[in-house]
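Undergrad: give me coordinates for this.
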Amino acid sequence: MSDARDAFDLAPLRRVCARIEAAPTSGIGLMLYGLLKGMQVEQRGSPFALTRLRMLEADVRADVYALMELFAQQANHAPEWMAMLARMDELVGAEARAD
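TA: Predicted structure coming up:
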């Protein structure tokens, strides 16, 4: 029997992660990473300020909006989402240590 969480279209998450991977310590990379981390820690609220959306290109904003919808559907608990976030944790951490 398949879990409903398996049906999520995580393409926006994959695109956001690709942007982070391309420049993990850039302003945009860190902003997107902060958004993903905020979606992981639901009880404390998100450290992502919505005014930061103004800094993003329209196509990136569209992916962020899609991530928010996925979050509302609890896709952030899906195994693939959690695995991608763990990969981003390692990548951003490794880049920070290298700087």
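
Undergrad: got phi/psi on residue 10?
TA: phi -90, psi 20 (degrees, to the nearest 10).

Undergrad: cool, residue 74 as well?
TA: phi 70, psi 30.

Undergrad: and the pLDDT for it?
TA: For residue 74, the pLDDT comes out at 93.

Undergrad: likewise for residue 55?
TA: 90.

Undergrad: which residues touch the residue nearest the centre of the chain?
TA: Nearest to the geometric centre of the chain sits residue 36, at 3.2 Å (Cα atoms, centre = their mean). Residues near residue 36 by Cβ atoms under 8 Å, 6 or more residues apart in numbering: 16, 20, 67, 85, 88. Heads up, the C-betas are built off the backbone N, CA and C, glycines and all.

Undergrad: try it again at 7 Å.
TA: 85, 88 (Cβ atoms under 7 Å, 6 or more residues apart in numbering).

Undergrad: just the pLDDT for it.
TA: Looking at residue 36, its pLDDT is 91.

Undergrad: how distant is the helix or strand in which it is found from the center of its chain?
TA: Assigned by DSSP states H and E, residue 36 belongs to helix 27-40. Remark: helix 27-40 is offset 6 Å from the chain centroid, using Cα atoms, centre = their mean, to the nearest Å.

Undergrad: try stretch 82-97
TA: 11 Å.

Undergrad: if we can go back for a sec, and the helix holding residue 36, which residues are buried?
TA: 28-37, 39 (16 or more other Cβ atoms under 10 Å).

Undergrad: right, and residue 23 touches residue 31 too?
TA: No: the criterion here is Cβ atoms under 7 Å, and residue 23 misses it with residue 31 at 11.0 Å.

Undergrad: quick revisit: I'd like the buried residues of helix 27-40 as JSON lines, with distance to residue 52 appended.
TA: As requested, the buried residues of helix 27-40 are exported to JSON lines (distance: Cβ to Cβ, whole Å):
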{"residue": "28", "distance to residue 52": "10"}
{"residue": "29", "distance to residue 52": "13"}
{"residue": "30", "distance to residue 52": "11"}
{"residue": "31", "distance to residue 52": "6"}
{"residue": "32", "distance to residue 52": "10"}
{"residue": "33", "distance to residue 52": "12"}
{"residue": "34", "distance to residue 52": "9"}
{"residue": "35", "distance to residue 52": "8"}
{"residue": "36", "distance to residue 52": "13"}
{"residue": "37", "distance to residue 52": "14"}
{"residue": "39", "distance to residue 52": "14"}
